[in-house]
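Enquirer: my questions are about this predicted structure, shown below with the sequence.
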Amino acid sequence: MEEEEHEVYGGEIPDEGEMEADVDMPAADDDAAAKELDEMKKRLKEMEEEAAALREMQAKVEKEMSGVQDPATAAASQANKEEVDARSVFVGNVDYACTPEEVQQHFQACGTVNRVTILTDKFGQPKGFAYVEFLELEGVQEALQLNESELHGRQLKVMVKRTNVPGMKQFRGRRFNPYLAYGYRRPYAPSFLYSPYGYGKAPRFRRPPRYMPYY
């Protein structure tokens with residue numbers, strides 16, 4: 001057979017290697033697309049995990065802010081708090097330079113001191129009173145005997161610690177108001193009893209102008 005001649009206008013006949021390379025290009029594009037798809041799936045999974053963590057954190061914060069507790073849990077917590085307060089005393093008139101270790105040493109003879117708490121304000125300065133918690137109930141009675149004892153040259157005021165009940169506030173009476181003594185406010189005096197020019201003042205006399213037709 002005679003070899004047929006191929007005529008190509010505008011270029012040369014491509015080699016077999018170049019043709020194979022052109023045929024392999026769609027496979028490379030598919031690999032890149034699959035890799036990009038995997039990366040997108042990975043990013044989407046990370047975003048879903050972050051969203052789930054944010055939802056969990058938000059639910060936790062809302063639960064803490066609402067303060068709604070299970071009745072059984074709240075009752076157990078209140079009972080535990082009352083039991084701890086029964087083994088604690090309030091110590092007032094504490095020197096500002098006094099440390100918890102010095103307070104513990106002062107009440108060490110009363111019983112085993114479990115914890116000493118000196119309350120401070122928002123700036124970290126002591127408020128001048130503390131709470132002392134004992135391991136035994138007998139320590140409270142012994143600590144009350146140290147009332148008006150001296151520590152750093154100041155007389156301490158030792159009392160039984162009160163248990164704060166949630167939702168209950170201490171009542172503070174208002175100062176006596178004579179206008180509210182009989183349950184009503186003093187009525188306002190009518191306006192005609194007051195001078196519009198001020199207290200003790202009268203309008204200044206002004207002479208009427210003279211009629212002058214020809215000025």
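Expert: Here it is on my side, so go on. Residues are numbered from 1 along each chain as shown.
Enquirer: those strands in this protein, which residues are they?
Expert: 88-92, 113-120, 126-134, 150-151, 154-155, 157-160 (DSSP state E).
Enquirer: which phi and psi does Phe123 have?
Expert: The phi/psi pair for Phe123 (degrees, to the nearest 10) reads phi -90, psi 0.
Enquirer: any idea how far Ala86 is from it?
Expert: Distance, Phe123 to Ala86, by CB to CB, to the nearest Å: 32 Å. Just so you know, the C-beta spots here come from the backbone N, C-alpha and C atoms, and that holds for glycine as well.
Enquirer: between those two, who's got more neighbours?
Expert: Shown here are Phe123 and Ala86; by other CB atoms under 10 Å, Ala86 has more neighbours (13 against 5).
Enquirer: can you count the residues close to the nearest residue to that one once chain neighbours are set aside?
Expert: Distances taken as CB to CB, 6 or more residues apart in numbering put Leu137 closest to Ala86, at 6.5 Å, once the chain neighbours are dropped. Per other CB under 10 Å, the neighbour tally for Leu137 reads 11.
Enquirer: look up how far Lys60 lies from Leu54.
Expert: From Leu54 to Lys60 the distance is 11 Å (CB to CB).
Enquirer: er, Thr112 actually
Expert: For Thr112 relative to Lys60 (CB to CB), the value is 37 Å.
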